[in-house]
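# Model the following, please.
(chains A and B)
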2 protein chains.
Amino acid sequence: MHLIIDGQDVDKKKLEDLELIYRILDKLPDEIRMTKIMPPYVFKYKGVEPLDWGISGFVLIAESHISIHTFPERGYVNIDIFSCKWFDTEIVISYLKNIFSLKDLTIKTIERGLEYIKNG
Amino acid sequence: MHLIIDGQDVDKKKLEDLELIYRILDKLPDEIRMTKIMPPYVFKYKGVEPLDWGISGFVLIAESHISIHTFPERGYVNIDIFSCKWFDTEIVISYLKNIFSLKDLTIKTIERGLEYIKNG
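The predicted model follows:
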């Protein structure tokens, strides 16, 4: 299962908060009973286009990953939660909606992973 | 743009080749003119289920990431190429098809990223 959440009009303060992004990546795996296999890795980057600076972060969980890319100047955030095992997407959506105060968001769910292998 | 490629019946030798996964993550960004912002990070993991061991790897490129998860015992591989900017998906598909000798594969393209922001 691969859950994709893209949010717009997000509070700039939240999107530029390295500590917040780290905390989400640190806590979210526990919320959906997944096993982190490394501490989160977060950092600030600057794009070629000055408005594209932001924070990128990810954490690897067993057989899968969670990533977050933020664009504070654009109020934009891209979040991926990909696991080869089933997880409760509603918990994740609710958790992230709450933490980022997401109102204008796009959610996509893609069926992939071990559970979708043919004859698997 | 987010390109998702899942391959089945892939040669076990390739899927357990840490060096190969590293090389793909190191070279692919250049193929599609993206800027790596870190060296690739690859490692072997063991799942709770013994058959689920494999290699995970990713590389961060400006504003985005590439990730690969392999399952040698299942001949299964999951690849994500996510960029906030346009890239030539055909080049990536052809490159990966060739390197993994992919025949049985699922390809999905998801429109997301800066180019899809409303009023962006």
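# How about the residues of chain A by chain B?
Counting by CB under 8 Å from any CB of the partner chain, chain A comes close to chain B at A:2, A:4, A:6, A:8, A:37, A:45, A:47-48, A:52, A:54, A:56, A:58, A:60, A:62-65, A:67, A:69, A:71, A:74, A:76, A:78, A:80, A:82, A:84, A:106, A:108, A:110, A:112-114, A:117-118, A:120. For every residue, glycine as well, the C-beta is placed using N, CA and C.
# Out of those, name the ones that lie in strands.
A:2, A:4, A:6, A:8, A:45, A:54, A:56, A:58, A:60, A:64-65, A:67, A:69, A:71, A:76, A:78, A:80, A:82, A:106, A:108, A:110 (DSSP state E).
# any idea which residue sits dead centre in chain A?
Residue closest to the average C-alpha location in chain A (CA atoms, centre = their mean): A:I79, at 3.1 Å.
# what about the closest residue to that residue other than its chain neighbours, how many neighbours?
Residue nearest to A:I79 in three dimensions, not counting chain neighbours: A:I5, with 4.4 Å by CB to CB, 6 or more residues apart in numbering or on different chains. For A:I5, the neighbour count with other CB atoms under 10 Å in any protein chain shown is 23.
# Is A:I5 in contact with A:F100, as I believe?
No. Using CB atoms under 8 Å, A:I5 makes no contact with A:F100, being 9.0 Å away.
# shared neighbours, the two?
Common contacts of A:I5 and A:F100 (CB atoms under 8 Å, 6 or more residues apart in numbering or on different chains): A:V77.
# Name whatever forms a beta bridge with A:L60.
Assessed by DSSP bridges, A:L60 has beta-bridge partners A:H65.
# mind listing what it touches?
Shown in contact with A:L60 (CB under 8 Å, 6+ apart): A:36-38, B:56, B:58.
# what's next to whichever helix in chain A runs longest, contact-wise?
Ranked by residue count and defined by DSSP state H, the top helix of chain A is helix A:18-31. Under the criterion CB under 8 Å, 6+ apart, residues A:14, A:35-36, A:39-40, A:42-44, A:55, A:57-59, A:61, A:66, A:68, A:70, A:81, A:91-92, A:95-96, A:99 lie in contact with helix A:18-31.
# Only whichever of those residues are buried, select them in ChimeraX.
To isolate the buried members of the contacts of helix A:18-31 in ChimeraX, using 16 or more other CB atoms under 10 Å in any protein chain shown:
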select /A:14,36,40,42,55,57,58,59,61,66,68,70,81,92,96
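# Just the C-alpha atoms of stretch A:102-113, please, in CSV.
Provided in CSV are the C-alpha atoms of stretch A:102-113 (Å, rounded to 0.1, in the frame of the first residue of the first chain):
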residue,chain,number,x,y,z
LEU,A,102,-4.4,20.4,6.2
LYS,A,103,-7.5,21.6,4.5
ASP,A,104,-6.6,21.7,0.8
LEU,A,105,-5.2,18.3,0.2
THR,A,106,-5.0,15.5,-2.4
ILE,A,107,-5.0,11.9,-1.3
LYS,A,108,-4.1,8.9,-3.5
THR,A,109,-3.8,5.3,-2.5
ILE,A,110,-1.9,2.9,-4.7
GLU,A,111,-2.2,-0.8,-4.4
ARG,A,112,1.4,-2.2,-4.5
GLY,A,113,3.6,-4.2,-2.2
